[in-house]
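Asker: Have a look; sequence and predicted model below, questions after that.
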Number of protein chains: 2
Amino acid sequence: MDKNITIIQIAEESGVSIATVSRVLNNTVPVSAKTKERVQKVIDKYHYTPNPLAQGLILKQTKTLGVIVPDITNPYFSTLFSEIEWAAHQSGYSVILCNTAFSAVSFASGERRKEETYFQMILDKKVDGVIIAGGQIDLCEIGDSYIEALKRLASTVPAVVIGRKLPDIPCTFVNKENDSGIVTAIRYLASLGHKRIGFVGGEREVYITESRLDAYHRTLLELKLEDAPEFVATSDYYMADGYHAALQILDCGTPVTALLAMNDNVSLGALRAISDRLLSVPGDISLVSCDRFYDGEYLTPRLTSLDRHNDLLGRHVIKLLLDKIQGLPAQDAVDFSPELVIWESSGPAHL
Amino acid sequence: MDKNITIIQIAEESGVSIATVSRVLNNTVPVSAKTKERVQKVIDKYHYTPNPLAQGLILKQTKTLGVIVPDITNPYFSTLFSEIEWAAHQSGYSVILCNTAFSAVSFASGERRKEETYFQMILDKKVDGVIIAGGQIDLCEIGDSYIEALKRLASTVPAVVIGRKLPDIPCTFVNKENDSGIVTAIRYLASLGHKRIGFVGGEREVYITESRLDAYHRTLLELKLEDAPEFVATSDYYMADGYHAALQILDCGTPVTALLAMNDNVSLGALRAISDRLLSVPGDISLVSCDRFYDGEYLTPRLTSLDRHNDLLGRHVIKLLLDKIQGLPAQDAVDFSPELVIWESSGPAHL
């Protein structure tokens, strides 16, 4: 395709009017088979496609979506994106991916990239819809400038946000966080005789972490299990965080017999810490991951984890967005109840 | 921002001509401070930004790039993308990410998504440049329709391809694959007394796999180490592949004392296989990863690996593309020599 071929040249070379070329391209008003063939030949010759910018100006659609995530190298977000992109592609949409590198720590230190800049960039591209998966939206306290920017974004284009519902913002909110998984995991560990269970990883002031911690404390209380501040060590969502947080709990002076880790990467770091303290899994410590990223079957030890169906979530939010763009009614809520997959990393308490 | 506010309305409400608003927006011809202030006030009131589609039609640029990868859930590609997107963002570009799900296996079975469709989609978006990282371009035998589509793409927009140079295609090719890493790793294992070294993972008919296998066989020959067909088990690039391929070698009847694995995910699968055969690392088997994805310090055992500087590669290709778009001369070649990072998973041969 020559970038500079225009509808005018197609019309000239076919010997028809611009309107006729437009009819052939858009299949609107019928055109005689003979004329159609003649025009199509010239279109094919130059691999001509209508300029989408011009089409976008007329149709007010760009067939482009925006997806905003804090870290595409985190398997949670790359799995989500992969599902979103595939469904979008099948419906003829391209996806602009914005990787904001947002973290609560960098936010507090003022070092973050501005998500609001990304919102504006996305609006500038006249996208047809936006999905926001994580970032400042996940903080317990969200900044005013973010709220303003989100309102502006959502007032301009259809937007789906993965996170808890905020008042007065015209987004569709999908709250996939489900406390039931934490309750199930702790009940399971209690049934194996564990009485001191630690909680590793995640960031304080982040909704998902606080919500899981609430469920953790509530369930310990309900089951009359020991709850102590030194059994909780938060930090972030990666291997190094799991390592340092787990060490902190293992070194606290009161031995735990089980650890709940925020996700599979935190679990791998915790596993390293447990090994560095010459303890074994599950002999000395049972380990359960609260968000499954990898097929636990291939890890050593095979990892017990909560499968939160992140792939389903991706498929759900893109369907919500595409339906919203087309003005279709919202689909029924989807059940994201996590499922506990039991493997080798958990077993009876031995203390 | 109201999607429907136009430059005409800004001009009307400010009481100036459209040309004057345009001058204020584009900072071209000087405008009196008083007039500028009046116009800016109305612009701010509506959060007006010039329609980029209209700007794109005039300036023939969209400030949008396309990046095409086979699997964004693979840490190699998510790391690359993360670096590319950040540099693009800093230069005012948004990035459309196409996830083609290409694999040699799905290609052979005809089940793949068509990369050519993505190429056309990207062209339709009038992107200013494209980066292709992997996919059919990595096959030893590339299909004609792909070559044709790539030629068309690269003749239309600046394109940078990560892979070996193909003739008669106007792309910039960056060949980061460097045999020296495999040679270094085998020499290192030989220095520890290993005489039978297996090779795990990767896909046959894929350039990167074949090129590493060539280096593997060449180095074994050079060091007069045993080379046997049953010491090589390829499959794909993920944990499950590493698991099954490693089992195949461990069960072949001739015991190896070391394994080279295609990357960290393949290594984790191989580790699982070694453990299932009740062997230890590095006591019975030394394990070296040929492409480092994770910080080996936090794995159990800490993983010896080749760091191929995938982050540097990402920064390099986006700089190449942005320079190409601006018509700047190509920068000097960058040295991607892999670096062997020695940790606990490798040690002296005990057989």
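Answerer: All right, it came through fine.
Asker: Closest residue of the stretch 101-250 of chain A to chain B?
Answerer: Using Cβ to the nearest Cβ, the closest approach of the stretch 101-250 of chain A to chain B is made by A:Met239 at 4.0 Å. (Each C-beta comes from the backbone N, C-alpha and C, glycine too.)
Asker: Low-confidence bits of chain A, can you list those?
Answerer: Applying pLDDT under 70 to chain A picks out residues A:1-4, A:27-28, A:51-59, A:104-113, A:332, A:351.
Asker: mind giving me the domain split of it?
Answerer: A:7-59, A:64-175, A:180-308 (automatic domain parsing).
Asker: Could you see whether chain B lies near the second one?
Answerer: It stands for domain A:64-175. Yes: counting by Cβ under 8 Å from any Cβ of the partner chain, contacts between domain A:64-175 and chain B involve A:64, A:71-73, A:75, A:78-79, A:81-82, A:85-86, A:89, A:94-99, A:101, A:113, A:118, A:120-126, A:152, A:156-157.
Asker: mind checking the end-to-end distance for that domain?
Answerer: 25 Å (Cα to Cα, to the nearest Å).
Asker: ok so, going back, for the domains of chain A, give me JSON lines that also has distance to B:Ser180 and mean neighbour count.
Answerer: Output for these, formatted as JSON lines (distance: least, Cβ to Cβ, whole Å; neighbours: other Cβ atoms under 10 Å in any protein chain shown):
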{"stretch": "domain A:7-59", "distance to B:Ser180": "42", "mean neighbour count": "15"}
{"stretch": "domain A:64-175", "distance to B:Ser180": "26", "mean neighbour count": "20"}
{"stretch": "domain A:180-308", "distance to B:Ser180": "28", "mean neighbour count": "21"}
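Asker: B:Val174: which of the ones you listed is closest?
Answerer: Using Cβ to Cβ as the measure, domain A:64-175 is the one of the domains of chain A that comes nearest B:Val174, at 20.6 Å.
Asker: coming back round to it: list the contacts for the residue of the stretch 101-250 of chain A closest to chain B?
Answerer: For A:Met239, the contact set (Cβ atoms under 8 Å, 6 or more residues apart in numbering or on different chains) comprises A:265-266, A:268-269, A:272, B:294-295, B:298-299.
Asker: likewise A:Gly143?
Answerer: A:Gln136.
Asker: Now the phi/psi pair for it, please.
Answerer: phi -70, psi 150 (degrees, to the nearest 10).
Asker: related to what we said a few turns ago, kindly reformat the domains of chain A as TSV containing distance to B:Ala245.
Answerer: Below are those laid out as TSV (distance: least, Cβ to Cβ, whole Å):
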stretch	distance to B:Ala245
domain A:7-59	42
domain A:64-175	22
domain A:180-308	12
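Asker: nearest to B:Lys224, of those domains?
Answerer: domain A:180-308 (33.6 Å).
Asker: distance between the ends of the closest one?
Answerer: 11 Å.
Asker: Report the distance from it to the chain centre.
Answerer: Between the centre of domain A:180-308 and the centre of its chain there are 22 Å (Cα atoms, centre = their mean, to the nearest Å).
Asker: and what of stretch A:317-324?
Answerer: So, by Cα atoms, centre = their mean, the centroid of stretch A:317-324 is 14 Å from its chain's centroid.
Asker: That stretch and chain B in contact?
Answerer: No: Stretch A:317-324 lies apart from chain B when judged by Cβ under 8 Å from any Cβ; the minimum separation is 12.8 Å.
Asker: what does that stretch rub up against?
Answerer: A:65, A:80, A:83-84, A:87-88, A:91, A:93, A:129-131, A:133, A:158-160, A:162, A:172, A:174, A:329-331.
Asker: A:Ala258 contacts A:His194, correct?
Answerer: Yes: between A:Ala258 and A:His194 there is a contact under Cβ atoms under 8 Å: 4.3 Å.
Asker: Secondary structure element holding A:Glu148?
Answerer: helix A:144-156 (DSSP states H and E).
Asker: Only alpha carbons, please: show that helix as CSV.
Answerer: Extracted as CSV, the C-alpha positions of helix A:144-156 are listed here (Å, rounded to 0.1, in the frame of the first residue of the first chain):
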residue,chain,number,x,y,z
ASP,A,144,-8.2,14.4,43.7
SER,A,145,-6.4,15.0,40.4
TYR,A,146,-6.7,11.3,39.5
ILE,A,147,-10.4,11.3,40.3
GLU,A,148,-10.9,14.4,38.1
ALA,A,149,-8.9,12.9,35.3
LEU,A,150,-10.9,9.6,35.5
LYS,A,151,-14.2,11.5,35.5
ARG,A,152,-13.1,13.4,32.4
LEU,A,153,-12.0,10.2,30.7
ALA,A,154,-15.2,8.3,31.6
SER,A,155,-17.4,11.2,30.5
THR,A,156,-15.8,11.2,27.1
